[in-house]
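1. I would like to see how this sequence folds:
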Amino acid sequence: MIDMRPSLVLVLVIAVLVGTGVYLLLERSLTRVLVGAVLLSNGVNLLLLVAGGAAGRPPLTGDEGPGPSSDPLPQALTLTAIVITLGLTAFLLAMAYRSWQLHRHDEVQDDVEDRRIARLAARDERAFTDADTEADTGRGRSSLDEEAAELHDDTDEGTRGGAR
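-> As a prediction, the model looks like this:
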């Protein structure tokens, strides 16, 4: 029987990498977001490899007897995650560089619309009225459910062959 328990050091390293990565992802600086994404990715890659179990024989070498072989799935997932992280890193570096060129900092700024919606949410007010879902019988408009019931299906006889 193979011992499948990971070492405590690996578990602590994974926890620190993931925790630090999530903390840095919540920052406003694109450089910190970049470092956070890389740390989070490395932590998840280690988690995938540790979850894959103990190392064994190579999985695709032929018939070498009844010994335990390695599971190739965690290795394939880790390689895929490395490629995706490389693409994300390149994209975040390009965004940070462009932000530095334009503004001489890489801080993500609040949008005016975001601030307006945050103020409305603090006062518990709606940002807009949704005329599609609310019944407004005063002006002759019906609710969305009533309008949907009145519409015809595109598969009716009169609409076949492109005639509308």
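2. Please make it C-alpha for all contacts and neighbour counts, starting now.
-> Noted.
3. Where does the prediction get shaky in this protein?
-> Low-confidence segments of the chain, defined by pLDDT under 70, are located at 1-4, 56-68, 127-164.
4. packing partners for the helix ranked longest in it?
-> Taking residue count as the measure and DSSP state H as the definition, the longest helix of the chain comes out as helix 72-103. Packed against helix 72-103, as judged by 3 or more Cα pairs under 8 Å, 6 or more residues apart in numbering; DSSP states H and E, are the following elements: helix 30-51.
5. now the helix it packs on against helix 72-103, angle please.
-> For helix 30-51 and helix 72-103, the angle between their directions (axes from the mean of the first three to the mean of the last three Cα atoms, to 10 degrees) works out to 180 degrees.
6. got the buried residues for helix 30-51?
-> Using 16 or more other Cα atoms under 10 Å as the burial criterion, the residues of helix 30-51 that qualify are 30-50.
7. likewise stretch 106-115?
-> Of the residues in stretch 106-115, those buried under the neighbour-count criterion (16+ other Cα under 10 Å) are 106-107.
8. Now the terminal residues of it, how far apart.
-> 20 Å (Cα to Cα, to the nearest Å).
9. Other residues contacting it?
-> With Cα atoms under 8 Å, 6 or more residues apart in numbering as the test, stretch 106-115 has contacts from 28-31, 96-97, 99-100.
10. What is the nearest of those to residue 21?
-> Within the contacts of stretch 106-115, proximity to residue 21 (Cα to Cα) peaks at residue 31, which comes in at 12.2 Å.
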